[in-house]
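Q: Need coordinates for the following:
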Amino acid sequence: MFTSVNAIGSRDWLGKTTVEVWPPETAADFQARDLRVRTEGSSVEVEYQVRYKEGVHDWLNVLFPIRDDSGGIRFLGGISIDITKRKNVERALLESERRFRSFFEDTPISIWEEDWSGAKRYLDSLRDSGVRDFRAYFKEHPEAVVRCLNMVKVLDVNSATLDFYGAVSKEEFKKGLSPVFSDKSFETFAERLIFIAEGKTEYELEVVNQTLNGEKKDILVKWVVTPGHEETLSRALSFIIDLSELKRHQTSESILRQYSAQILSAREDEKRSLSINMHDEMGSLSVALGTSLKFVETGIKGNNPQEALYNIRQTRDILNRSIANLRRMAVDLMPHNLAIVGLPAVLQEYFQNLEEQSDLEIDFKCSFKGKKLKDKTAIALYRVAQESLNNIIKHSGADRIRVQRWNQPQAEVQR
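A: Numbers count the residues shown, from 1 in each chain. Predicted coordinates:
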């Protein structure tokens, strides 16, 4: 792969120095890494880019010392893996996440992000107890409909939802769906539960809602479960269309489908990126472990326990780095300890990891007094920091970044 991309045979590399093979800037980087390995006596892992005629390629390079019988460094060994596909997916994922948030917040259609897992478990329990005709059951037991309604959690709503229902903030929807329900809403909500009991993960239905001021609204609800949550219904999207506005502006239903497809595409990109990252990480680990273990075997066969022990330590280092990379992937998706240690500590760890992975110097200052941030606020600020740092790295060419976070009486500020 390496020689084919570089359009040069492996024999053509033999006997040549780094300066003879690479452009001056790239050669200087490699020489600095060689010096670091020789000085520190440990392996170095780095990602870098090389521009070829057909485009830019991303590489992962692991450089490690090879010692002689006396323990001195005799050679340097290196493994390079083409990670261009993974990097392209990561960049596409960042762009996809940006588009998802942009569509969610800026779409003129009301969108609700909901958790129906509690209602789903309750419906499953009814089925297990022998209920087969849910329509008849809900007619005889209307309290079951109310119970399911109270189990639906509202995770988020967009700005258009606030305008449509006359709300001041998203907090007004934390109570669930009931604040916007009218008398007629309960009958149609039973229909929604029947759809779910039948195993549907997508439907649309005309219902009557009311604003927080009591104004009745005839709407069309387009409900769809996001990919990966079909079994639990823990994440679903409801698109709310004002039918009168729809008729007045002759808005085509294709607009709704476009928004739905684009938002769901962002979720699919997230799953695809995670899959590719895991595949690349495991491939890199397999190659590195195979090489390292071969050195261990050579040391054992050569009756050189010192060399074998050294290479065993190298194998352990490779495993530790892979574990750290897997942990980084998980943190990029969602920092698991955000609710435990708080946003400042999570941001500090994130910035430290970025510094270790790049040549950036990040100056992070946090001045915050008051109550602990709510989970959604902390996650939103974490995503803002992620997107901002990625854009700076991608477009600015800066080598030093200053991040400040402080609070004002009525607002959180982060820049």
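Q: Mind pulling up the pLDDT for Ala339?
A: Reported pLDDT at Ala339 in the predicted model: 63.
Q: Going forward, count from 4.
A: Okay, residue one is now 4; in that scheme the one you just asked about reads as Ala342.
Q: Buried residues of stretch 222-236, list them for me.
A: Ile222, Leu223, Val224, Lys225, Trp226, Val227, Val228, Thr229, His232, Leu236 (16 or more other C-beta atoms under 10 Å). C-beta coordinates here come from the backbone N, C-alpha and C atoms, glycine included.
Q: And for stretch 214-222?
A: Lys220, Ile222.
Q: Any buried residues in the lengthiest strand in the chain, and which?
A: Assignment by DSSP state E gives strand 58-70 as the longest strand of the chain. Neighbour counts over strand 58-70 (16+ other C-beta under 10 Å) mark His60, Asp61, Trp62, Leu63, Asn64, Val65, Leu66, Phe67, Pro68, Arg70 as buried.
Q: With distance to Ser247 added, can I get those in a markdown table?
A: Shown next, in a markdown table, are the buried residues of strand 58-70 (distance: C-beta to C-beta, whole Å):
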| residue | distance to Ser247 |
| --- | --- |
| His60 | 54 |
| Asp61 | 52 |
| Trp62 | 57 |
| Leu63 | 56 |
| Asn64 | 61 |
| Val65 | 63 |
| Leu66 | 66 |
| Phe67 | 69 |
| Pro68 | 73 |
| Arg70 | 78 |
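Q: so where's the stretch 204-353 of the chain uncertain?
A: Scanning the stretch 204-353 of the chain for pLDDT under 70 picks out the ranges 248-260, 262-300, 302, 311, 314, 318, 321-342.
Q: try 90 this time
A: 209-214, 216-222, 229-231, 244-353 (pLDDT under 90).
Q: Distance of Glu143 relative to Leu384?
A: Distance, Glu143 to Leu384, using C-beta to C-beta, to the nearest Å: 48 Å.
Q: ugh, typo on my part, it should be Asp166
A: 24 Å.
Q: With neighbour numbers in mind, choose between those two.
A: Leu384 (18 against 11; other C-beta atoms under 10 Å).
Q: would that one count as being in a helix?
A: Yes - Leu384: assigned to a helix according to DSSP: H, G, I helix; E, B strand; the rest coil.
Q: was I right about it contacting Leu346?
A: Yes - in this structure Leu384 lies within contact range of Leu346 using C-beta atoms under 8 Å: 6.0 Å.
Q: Of the buried residues of strand 58-70, which is the nearest to Gln389?
A: Asp61 (19.3 Å; C-beta to C-beta).
Q: how close does that closest one get to Gln52?
A: 6 Å.
Q: now stretch 70-90, how far from the centre of its chain.
A: 30 Å (C-alpha atoms, centre = their mean, to the nearest Å).
Q: now stretch 21-29
A: On C-alpha atoms, centre = their mean, the centre of stretch 21-29 falls 36 Å from the chain's centre.
Q: So what touches that stretch?
A: Trp16, Ala30, Phe33, Gln34, Asp37, Tyr51, Val53 (C-beta atoms under 8 Å, 6 or more residues apart in numbering).
Q: So which of these belong to helices?
A: Ala30, Phe33, Gln34, Asp37 (DSSP state H).
Q: Buried ones only from those, please, as a ChimeraX command.
A: To isolate the buried ones among the ones in helices among the contacts of stretch 21-29 in ChimeraX, judged by 16+ other C-beta under 10 Å, type:
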select :33,37
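Q: Which of the ones in helices among the contacts of stretch 21-29 sits closest to Lys156?
A: Using C-beta to C-beta, the ones in helices among the contacts of stretch 21-29 come closest to Lys156 at Phe33, 53.1 Å.
Q: mind checking how far that closest one is from Glu201?
A: 62 Å.
Q: any idea which helix or strand carries the residue of the chain positioned farthest from its centre?
A: Here the chain reaches farthest from its C-alpha mean at Asn306, the gap being 47.9 Å by C-alpha atoms, centre = their mean. Secondary structure assignment for Asn306, by DSSP states H and E: no helix or strand.
Q: Look up phi and psi at it.
A: Dihedral pair for Asn306: phi 60, psi 40, per degrees, to the nearest 10.
Q: Could you do the one 3 residues further on as well?
A: Gln309 has phi and psi values of phi -70, psi -40 when expressed as degrees, to the nearest 10.
Q: Tell me, how many residues neighbour it?
A: Neighbours around Gln309, by other C-beta under 10 Å: 12.
Q: Could you do Glu364 as well?
A: 12.
Q: Tell me the confidence at the closest residue to it other than its chain neighbours?
A: Spatial nearest neighbour of Glu364, excluding adjacent residues (C-beta to C-beta, 6 or more residues apart in numbering): Arg403 at 4.5 Å. We have a pLDDT of 83 for Arg403.
Q: now do the one 5 residues further on
A: The pLDDT attached to Arg408 in the predicted structure is 65.
Q: In the stretch 54-203 of the chain, mark out all the helices, start to finish.
A: Counting by DSSP state H, counting those that start in this stretch, the stretch 54-203 of the chain has helices at residues 87-109, 120-131, 137-143, 145-154, 162-168, 188-200.
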